[in-house]
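**Q** Build the 3D model from these lines:
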Amino acid sequence: VQVVESGGGLVQPGGSLRLSCAASGLTFSTYAMKWYRQAPAKERELVAGIDSVGGNKFYRDSVKGRFTISRDNAKNMVYLQMNGLGLEDTAVYYCNAYRDSYHDYWGQGTQVAVSS
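**A** Numbers count the residues shown, from 1 in each chain. So this is what the prediction gives:
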């Protein structure tokens with residue numbers, strides 16, 4: 001199983017980025033997909049999640065109205081559209097494919113840096 005994030009980078013405050021996550025080697029449509037982030041000296045936190053068919057979505061309060069999670073089961077892809085980025089959004093963003101405790105896969109992360 002491979003989970004690979006892309007799309008991170010340096011952006012100015014108020015800017016936007018779209019993160020992508022490609023998953024392979026698994027039955028993608030049976031997995032919930034989540035985005036986590038970890039800022040320096042902080043614990044990893046759940047940012048957004050989407051169920052296996054895209055019917056239910058979750059966002060942490062601090063990103064509601066700014067971030068949008070989506071998935072394309074035909075392409076084995078999940079996305080995180082991030083708008084209105086602030087300094088507090090600077091972190092390494094991780095993609096997670098989760099079905100149960102035995103089927104729980106992580107990517108290596110992609111860096112998002114918000115700076116003027």
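**Q** thinking residue 116 is in contact with residue 12, fair?
**A** Yes: Residue 116 is within contact range of residue 12, at 5.7 Å (criterion: C-beta atoms under 8 Å). Yep, even glycine has a C-beta here, placed from its N, CA and C like the rest.
**Q** between these two, who's got more neighbours?
**A** residue 12 (9 against 6; other C-beta atoms under 10 Å).
**Q** The more buried one: what's it in contact with?
**A** Listed by C-beta atoms under 8 Å, 6 or more residues apart in numbering, the contact partners of residue 12 are 114-116.
**Q** separation between residue 32 and residue 116?
**A** Residue 32 is 35 Å from residue 116, where distance means C-beta to C-beta, to the nearest Å.
**Q** Quick check: phi and psi on the residue nearest the centre of the chain?
**A** Nearest residue to the geometric centre of the chain (C-alpha atoms, centre = their mean): residue 35, 2.9 Å. For residue 35, the backbone dihedrals (degrees, to the nearest 10) come out as phi -110, psi 130.
**Q** and it, bridged to which residues?
**A** Using DSSP bridges, the beta-bridge partners of residue 35 come out as residue 48, residue 95.
**Q** For residue 7, see how far away it is.
**A** Residue 35 sits 11 Å away from residue 7, going by C-beta to C-beta.
**Q** Can you work out which residues contact both of the two?
**A** Contact criterion C-beta under 8 Å, 6+ apart; residues shared by residue 35 and residue 7: residue 19.
**Q** low pLDDT regions in the chain?
**A** Scanning the chain for pLDDT under 70 picks out no residues.
**Q** show me where it has helices.
**A** Read by DSSP state H, the chain holds no helices at all.
**Q** quick one, strands of it?
**A** Listed in chain order, the strands of the chain (DSSP state E) span 2-6, 9-11, 17-24, 32-38, 45-50, 57-59, 67-72, 77-82, 91-100, 103-106, 110-114.
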